[in-house]
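Undergrad: Let me see the structure of the following:
(one chain, ligands or ions: 1)
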Amino acid sequence: MELTLSIGCPIRCDYCPQDLLLSKYKGTRFFTIDSFKRAFETGQVPATVNCTFMGTSDPYLCKDATKIMKWALMERGHMGSVSTVLTYCSYEDIDALAEMKDRLTDTIIHCPAADDRMPGLKVTPEYVEKFKYAVRVLRQNQDFVLQVYNTDPHPAIHQIWAESGVHIPRFGLHDRAGHLPNLQGPYVRHATRPFPIQICGKLWNGHAFPNGDVGRCCNEWAMENIWGNLYETTYYDMYHSQKFRDYVKSLEGPNTDPRCRHCMDSFHQCNPEDRSKGYNCEGH
Ligand code: SF4
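TA: Reported below is the predicted structural model:
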């Protein structure tokens, strides 16, 4: 389950429709350790659900991020993954990620870019020191990667990366399921997929927000497909709700326009071979 621990991100990457989210979202803007526990316990989120601490903002903008991660992963027994730009992390938060390494399937540092697409991320000498520390401490975590989006890492960290030998995948850029139609660049993927639309594995991941709402997936920026609220409905009931069934039915077309129709970020659990084709295959 994708988790947005706080609403609004001052990094303001040009590939995140933050203004859209801010215009649609209603309710409390941060999870606290208490509200997060209440949401997961009231919603009876199964421990088999993977907690993806990424969502629509850096997880460490939430001051209880490490407490929440430790509770979910080490006490409640979920597996998880984390992506952070490090800016809002303390050294203690980084140490905690190393401590949780057996519970994390992915640990990702979203690196500052060489160009200006992450305007709020300031690469200061203090940042570079923290980056060095994080690479040293977290390199034992499984699937630890330094990630950029179709660009080079910032020159100030390039050398650290080069000497580290840590994998640096260039993630594909897409228009967030049609929410950023004006996003430009040679590798940006836009799509209008033909009906019937193959069901995407991410449809079963969900995306939880601090107000308790659970939306469609990691591309839920407009709060448009909300299956229920963890403070009121169980996770099981959300995925057996009429809203969820109607959405799945809408993928058949032809007189519907589900968000998945405009998405190049899908992966298809039904056909694992398709997972690596997420950004490349036109029409799937
Ligand atoms: S196809 Fe895109 S919008 Fe639809 S569930 Fe998958 S990631 Fe989300």
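
Undergrad: For the closest residue to Thr87 other than its chain neighbours, grab phi and psi.
TA: Excluding its sequence neighbours, the residue lying closest to Thr87 (Cβ to Cβ, 6 or more residues apart in numbering) is Leu121, at 6.1 Å. Backbone N, C-alpha and C define where each C-beta goes, glycine included. Dihedral pair for Leu121: phi -100, psi 110, per degrees, to the nearest 10.

Undergrad: Measure how buried Leu121 is and give me the count.
TA: Applying other Cβ atoms under 10 Å, we find 20 residues neighbouring Leu121.

Undergrad: tell me the SS of Leu146?
TA: Assigned with DSSP: H, G, I helix; E, B strand; the rest coil, Leu146 falls in the strand class.

Undergrad: Mind pulling the model confidence for it?
TA: Here, the pLDDT recorded for Leu146 equals 92.

Undergrad: ok, it - contacts?
TA: Ile108, Ile109, Cys111, Val135, Pro153, Trp161, Ser164, Val166, His167, Ile168 (Cβ atoms under 8 Å, 6 or more residues apart in numbering).

Undergrad: at 7 Å what do you get?
TA: For Leu146, the contact set (Cβ atoms under 7 Å, 6 or more residues apart in numbering) comprises Ile109, Cys111, Pro153, Trp161, Val166, Ile168.

Undergrad: Return the item of the residues you listed having minimum pLDDT.
TA: Comparing the contacts of Leu146 by pLDDT, Ile168 comes last, at 80.

Undergrad: From the ligand, how far off is the closest residue in space to it that isn't next to it in sequence?
TA: Nearest residue to Ile168, sequence neighbours excluded (Cβ to Cβ, 6+ apart): Leu146, at 4.6 Å. Going from Leu146 to the ligand by Cβ to the nearest ligand atom, to the nearest Å gives 24 Å.

Undergrad: ok, Leu146 to His240 distance?
TA: Going from Leu146 to His240 by Cβ to Cβ, to the nearest Å gives 40 Å.

Undergrad: Surely Arg216 touches Asn225?
TA: Yes. Shown here, Arg216 and Asn225 form a contact pair, counting by Cβ atoms under 7 Å, at 4.0 Å.

Undergrad: shared neighbours of the two, anything?
TA: Arg259.

Undergrad: The two: which is more packed in?
TA: Arg216 (26 against 21).

Undergrad: Could you pull out the buried residues of stretch 110-119?
TA: His110, Cys111, Pro112, Ala113, Arg117, Met118 (16 or more other Cβ atoms under 10 Å).

Undergrad: would you list every one of the helices in the protein?
TA: Ranges of helices in the chain, per DSSP state H, are 18-24, 33-42, 65-69, 91-99, 125-138, 155-164, 235-238, 242-250.

Undergrad: Among those helices, show the one with the smallest mean pLDDT.
TA: For the helices of the chain, mean pLDDT drops lowest on helix 155-164, to a mean of 91.

Undergrad: what residues are up against the residue nearest to Gln140 when sequence neighbours are not counted?
TA: In this structure, Gln140 finds its nearest non-sequential neighbour in Lys101, 6.2 Å apart by Cβ to Cβ, 6+ apart. Lys101 makes contact with Gln140, Asn141, Gln142, according to Cβ under 7 Å, 6+ apart.

Undergrad: What is the neighbour count of the second one?
TA: Which is Asn141. Asn141: 19 neighbours (other Cβ under 10 Å).

Undergrad: Show me the beta-bridge partners of the residue lying closest to Asp237 once chain neighbours are set aside.
TA: Nearest non-adjacent residue to Asp237, counting by Cβ to Cβ, 6+ apart: Gly228, 6.6 Å away. Beta bridges link Gly228 to Val214 when assigned by DSSP bridges.

Undergrad: Ok, Ala113 next?
TA: Assigned bridge partners for Ala113, using DSSP bridges, are Pro153.
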